[in-house]
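*Asks:* whatever this is, show me its structure:
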Amino acid sequence: MITRRNFTAGAATLLAAGHISTRARAATTSWDMSTVWPDGNFHTQNAMAFAEEVKKQTGGAVAITVKAGGQLGFKGPEHLRAVRDGLVPLADVLNIQQVGDEPFMGVESIPFLCGSVDELKVLHKYVRPEYEKIAARNNQKILYIVPWPTQYLHLKAKVADVEGLKNIKIRVPDKNAVDMLNAIGMAAVMIPWGETIPALASGAVAGVSTSSVSGVDGKFWEFLKYVYPTNHVWSSQMLTVNLDSWKALSADQQKLVADIAAKMEPGFWANSLKADVDSLNRLKEGGMEVVPVSDAMMTEIRAKTAPQLDAFLKRVPAADKPVRSYLAEMKRG
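*Replies:* Below is the predicted model:
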């Protein structure tokens with residue numbers, strides 16, 4: 001017969017022996033966070049810093065474990081759906097790779113829409129409310145958004161003009177980049193990050209359109225020789241949390257976690273700028289050469305890709321108002 005006395009005594013024995021988890025004792029909420037980027041990537045480092053601060057300020061009641069390098073099995077383009085469907089409670093979602101589900105998410109990859117991170121901040125003033133709506137209808141909440149640094153063309157070949165880019169097979173992360181680089185004569189192939197290095201190693205591609213940070217992640221100096229600072233598109237990572245998981249937190253915990261994210265986000269943007277400088281130096285140390293792009297070459301690239309702005313706005317009507325408001329503020333409307 002189980003009495004209160006012997007049940008309590010038995011529970012104490014199990015607790016002492018480690019058979020009752022810390023989670024049961026402390027009512028800890030434990031969340032895994034999926035990201036395709038490796039431990040050393042600044043986005044992953046940001047996520048780890050955020051997780052540590054959440055753990056600290058909640059007294060361990062909310063514990064986030066960052067699962068880097070795609071170890072949970074999700075590819076970048078799958079993250080929005082994975083969080084939506086509750087397959088993982090949090091993910092670091094690359095916005096431009098979600099256009100199959102949410103075309104608006106490709107807005108930052110309109111060629112040359114933003115010329116600097118300061119201009120990107122202005123764009124975000126207009127597009128972030130739409131990002132928030134998209135997240136909500138996909139059963140998730142955005143905790144913070146952090147951009148990738150400026151983009152480069154990393155190539156095997158040394159070229160001096162647009163003609164030199166003709167038919168070079170180049171990896172790109174999203175459909176808008178396919179359209180852009182095909183417009184200047186390249187042969188763009190959309191490949192998730194996890195498959196990019198094998199594609200380089202096998203010779204399936206002879207270049208990659210991405211940031212200097214990813215260039216370091218992939219040790220591009222082992223495959224490629226030249227870096228071209230074209231600054232052609234932008235993109236951002238969005239840390240999102242499944243709404244069902246979010247609602248399981250108390251109101252106080254929700255406020256605490258949201259406040260931590262808001263407070264840390266500006267520092268994460270600063271980390272992006274620093275990561276670009278550090279990574280470009282590392283690429284050069286690895287033996288890659290940074291090749292300045294001539295004004296004539298940039299003018300031709302811009303001219304050939306200019307129609308993509310109106311094409312995007314026609315294809316994604318929800319982007320028309322925020323993008324035109326941004327262009328008006330930039331005095332380019």
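*Asks:* what about the residue nearest to residue 124 when sequence neighbours are not counted, which SS state?
*Replies:* If the residues on either side of it in the chain are set aside, residue 124 comes closest to residue 145, at 7.0 Å by Cβ to Cβ, 6 or more residues apart in numbering. C-beta here means a position set from N, CA and C on the backbone, and glycine is covered the same way. With DSSP: H, G, I helix; E, B strand; the rest coil as the basis, residue 145 sits in strand.
*Asks:* what's the answer for residue 238, then?
*Replies:* Residue 238 - assigned by three-state DSSP - is strand.
*Asks:* distance of residue 81 relative to residue 74?
*Replies:* In this structure, residue 81 lies at 9 Å from residue 74, with Cβ to Cβ, to the nearest Å as the measure.
*Asks:* picking up where we left off before, from residue 137, how far off is the residue nearest to residue 124?
*Replies:* For residue 145, the distance to residue 137 under the criterion Cβ to Cβ works out to 17 Å.
*Asks:* more neighbours: the two, which one.
*Replies:* Neighbours were tallied for residue 145 and for residue 137 using other Cβ atoms under 10 Å; the higher tally belongs to residue 145 (21 against 9).
*Asks:* where do the helices sit along the stretch 1-150 of the chain?
*Replies:* Counting by DSSP state H, counting those that start in this stretch, one finds helices in the stretch 1-150 of the chain at the ranges 4-16, 22-26, 42-57, 79-84, 117-137.
*Asks:* which stretches in the chain count as strands?
*Replies:* Counting by DSSP state E, the chain has these strands, from start to end: 29-34, 62-67, 90-94, 140-147, 151-155, 169-172, 187-190, 207-211, 226-228, 236-242, 289-290.
*Asks:* partner residues bridging the residue nearest to the spatial centre of the chain?
*Replies:* Against the mean C-alpha coordinate of the chain, by Cα atoms, centre = their mean, the closest residue is residue 237 at 2.7 Å. For residue 237, the beta-bridge assignment (DSSP bridges) gives partners residue 94, residue 146.
*Asks:* contacts only, for it.
*Replies:* Residue 237 sits next to 43, 92-95, 145-148 when contact means Cβ atoms under 8 Å, 6 or more residues apart in numbering.
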